[in-house]
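> Here is a sequence with its predicted model. Questions after.
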There are 2 protein chains.
Amino acid sequence: MIKNIIGNIDFIESLRGKSASFILALSNSKTINIKGITQAGIPNLIHLTPTLDAEFMAVGEVRCLENIAETPKGVPTPALMSRAVHLLKPFREIEFLNLGLEVTPKVKYFKQHNFNINPSGSIDVGADIDAESIFQKGLEFGREYKLNSDYIILGESVPSGTTTANATALALGYDAKDLFSSSFKNVPNSIKEQTIKKALSNIEKSDNIFDILGKVSDNMLIFNAGFILGVNGKFPLILAGGTQMAGVLLIVNSILREMGGEIDSSNLALATTKWVVEDENSDIKALLEMLDFPINGYFADFDFSLTDHPALKLYDKGEAKEGVGAGGALVYGVLNGVNKKAITNKIEIFLS
Amino acid sequence: MIKNIIGNIDFIESLRGKSASFILALSNSKTINIKGITQAGIPNLIHLTPTLDAEFMAVGEVRCLENIAETPKGVPTPALMSRAVHLLKPFREIEFLNLGLEVTPKVKYFKQHNFNINPSGSIDVGADIDAESIFQKGLEFGREYKLNSDYIILGESVPSGTTTANATALALGYDAKDLFSSSFKNVPNSIKEQTIKKALSNIEKSDNIFDILGKVSDNMLIFNAGFILGVNGKFPLILAGGTQMAGVLLIVNSILREMGGEIDSSNLALATTKWVVEDENSDIKALLEMLDFPINGYFADFDFSLTDHPALKLYDKGEAKEGVGAGGALVYGVLNGVNKKAITNKIEIFLS
């Protein structure tokens, strides 16, 4: 079942039975090197997470790791859900956006758009991003993108991305202190807060919006803001993610405020998971309500109540919530008659 | 399972696995105001039936009624079946034809074709339809229609539509007195017969075919006759309905007789429910056999034997039979591997 966060259900209902392109935006930020900032991956190999997510999504294998068995330790990647849906009701295509990866996914035959973007720096010392250039690349990509299906589901895999999104929203002046999610249940607030504080301290009074983004944000957030404005409603676009994707929308909002211009948001929506919506440490709805333009927000009523697998149960306990387009993929599954039991079974097989 | 009424199964078998556009023709006829003529809806609010059917089909909610709880009283709408199939194996698109509605469906994002047609009058005093104009609108719409899938399933929601279809067939000279269905089990023949008698009494000897249709028919019947001739076999078209859709075909037949011309009916079929085919008070097969052109007719072998829900059991008792494209939707379900149990379960959830 699909439920509303904000807006109405008509937009998403109109996509029932339609085909979708799954686009995954991948990026590394050196912010992950701050000890304890994220648990989105294997300790000491967290920089590989977007690469492994892409590989698993495309071909069902992780290739940039020698020992596959290490992967499902701790909290398993939400890519499990996106891949399960893809097996049950395949996306029309899967494409990757390389927005600054340390290691390129080892998959052939799948389109990997390369934009010559480097991994971004750690925001505590300044991310050192040429934000205007990244934004322009996203804008052009959106303007020129040829859709081979009926709509896009845009997911992301960016470890430490909720921290950079949170810093970004605060730097842009949104009153969003306690609204951002985390891959942790018990969010390490002191580390996160300290990092964000340091990031914000690098901003100078004379900084324009791109200067600010270049210091506190990440490539995915900036590029996708451009992408959304480049597409500008010419086809349906679902931002598949939680508070990070809300952060992308806040950048869009600030750019429109700053530079003028309008967005046709009637064909734009955000779709996330139940875990994000029910998270007590963040508030996706409040973030979406900060936008000056109307937006539809949805979540898939999916959880792991049908399994006993302890690693999956961590999701229901709030240890992981979203990523790799899981929420959007689950919504797509519902739109195409895929049920919870079937998805759960597929994921159990991945972990067995 | 799909069974034959007339013709052969090859046409419908060739559509297995193909995508379908579900088009719902909606119209109001003031004939509903004749007391006891129909039970297709909520007493005193029967004019809302097509509007509510469209809303429920598109978004799973009825919006033009304050109290949703009133809907499933008595005989629940056959839209339950069409929507259940759509959830299990979505149609490629859902579109609506506004052929004279009192209240427009409150749904966004779904195409609602508007033809500036008013609700038709009550046939006992003359329906007062500009039949030639309505027919022309259907013809042009069919000629220009751009199909975004592999075939069309054309359903209807027109309360009192079996009465107007019956009157139409008789007025056009078909020996069809006891061949038309009804939403009732114990058809209120005296009321229906009296209404049809009155309708026929308005016809004058000098009336041409459009004069006749303008007095005794309804917008849906006339428009769809035009639509079928406009499409004229350029893509597969399934008339999803019972004796009303047979009535549309009789109009096509009479127009061809009257005005000459030919129809390529090789890509045309009718698909209905088991309840229509097994109805002892009507004879869909006999109606289809009256056509001068060959036609394929099918029904889905679906009933409510797998549920104990009393409102649904009314169908198996003959209290309701067809509408909102239910027969065609069920056939589409079978063509795409959706089983009876799954459909029944979905419908039970709607009513729970």
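Thanks, I have the structure now.

> Look at A:G328 and tell me its secondary structure.
helix (DSSP: H, G, I helix; E, B strand; the rest coil).

> Name the nearest residue to it, sequence neighbours excluded.
A:A240 (2.4 Å; CB to CB, 6 or more residues apart in numbering or on different chains). The way it works is simple: take the backbone N, C-alpha and C, and place the C-beta from them, glycine included.

> What residues does chain A have near chain B?
A:8-11, A:13-14, A:16-18, A:335-337 (CB under 8 Å from any CB of the partner chain).

> Among these, which lie within helices?
Of those, the ones assigned to helices by DSSP state H are A:10-11, A:13, A:335.

> Can you name the two of these that sit furthest apart?
A:D10 and A:L335 (13.1 Å; CB to CB).

> starting at the chain centroid, how far to the lengthiest helix in chain A?
In chain A, with assignment by DSSP H, the single longest helix is helix A:243-259. Relative to the chain's own centre, helix A:243-259 is displaced by 14 Å; criterion: CA atoms, centre = their mean, to the nearest Å.

> Next: stretch A:8-22.
With CA atoms, centre = their mean, you get 19 Å for stretch A:8-22.

> Send me it as PDB with only the CA atoms.
What follows is stretch A:8-22, C-alpha atoms only, in PDB (Å, rounded to 0.1, in the frame of the first residue of the first chain):
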ATOM      1  CA  ASN A   8      -2.500  13.800  -2.800                       C
ATOM      2  CA  ILE A   9      -2.300  10.300  -4.100                       C
ATOM      3  CA  ASP A  10      -3.500  11.100  -7.700                       C
ATOM      4  CA  PHE A  11       0.000  11.600  -9.100                       C
ATOM      5  CA  ILE A  12       1.300   8.300  -7.900                       C
ATOM      6  CA  GLU A  13      -1.900   6.400  -8.800                       C
ATOM      7  CA  SER A  14      -1.500   7.700 -12.400                       C
ATOM      8  CA  LEU A  15       1.800   5.900 -12.600                       C
ATOM      9  CA  ARG A  16       0.300   2.400 -12.000                       C
ATOM     10  CA  GLY A  17       1.200   0.100 -14.700                       C
ATOM     11  CA  LYS A  18       3.800   2.500 -16.200                       C
ATOM     12  CA  SER A  19       7.400   1.600 -16.800                       C
ATOM     13  CA  ALA A  20      10.200   3.200 -14.800                       C
ATOM     14  CA  SER A  21      13.900   3.900 -15.300                       C
ATOM     15  CA  PHE A  22      15.900   3.500 -12.100                       C
END
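
> ok, back up a step: so which elements touch the longest helix of chain A?
When contacts are defined as 3 or more CB pairs under 8 Å, 6 or more residues apart in numbering or on different chains; DSSP states H and E, helix A:243-259 packs onto strand A:151-157, helix A:161-171, helix A:209-216, helix A:219-231, strand A:237-240, strand A:268-273, helix A:284-289.

> buried set for that helix?
A:243-256 (16 or more other CB atoms under 10 Å in any protein chain shown).

> ditto for stretch A:189-207
So stretch A:189-207, judged by 16+ other CB under 10 Å, has buried residues A:192, A:195-196, A:198-199, A:202-203.

> Quick check: chain neighbours aside, which residue is closest to the residue in the stretch 51-200 of chain A that chain B sits nearest to?
In the stretch 51-200 of chain A, the residue that lies nearest chain B is A:D150 (8.9 Å; CB to the nearest CB). Once flanking residues are discounted, A:D150 sits nearest to A:K18: 3.7 Å by CB to CB, 6+ apart.

> helix, strand or coil for A:I94?
Going by three-state DSSP: A:I94 is strand.

> oh sorry, the question was meant for A:L147
coil.

> my guess is A:N28 contacts A:I117, does it?
No. Between A:N28 and A:I117 there is no contact under CB atoms under 8 Å: 10.0 Å.

> coming back round to it: let me see the mean pLDDT of the longest helix of chain A.
In this model, helix A:243-259 has an average pLDDT of 97.

> Report the angle between that helix and helix A:209-216.
Counting by axes from the mean of the first three to the mean of the last three CA atoms, to 10 degrees, helix A:243-259 points 150 degrees away from the direction of helix A:209-216.

> so what pLDDT did the residue of the stretch 1-150 of chain A found nearest chain B get?
Proximity to chain B, evaluated over the stretch 1-150 of chain A using CB to the nearest CB, is greatest for A:G17 at 2.8 Å. The model reports A:G17 with a pLDDT of 93.

> which ones are touching the residue lying closest to it once chain neighbours are set aside?
For A:G17, ignoring the flanking residues on the chain, the nearest one in space by CB to CB, 6+ apart is B:P90 at 2.8 Å. Shown in contact with B:P90 (CB atoms under 8 Å, 6 or more residues apart in numbering or on different chains): A:16-18, A:335-337.

> Could you work out the most separated pair of these?
Pairwise over the contacts of B:P90, using CB to CB, the maximum falls at A:K18 and A:G337, 12.9 Å.

> Mind listing the residues bridging to the spatially most central residue of chain A?
With distances taken as CA atoms, centre = their mean, the residue of chain A nearest its centroid is A:E156 (3.5 Å). Note on A:E156: beta-bridge partners by DSSP bridges are A:A25.
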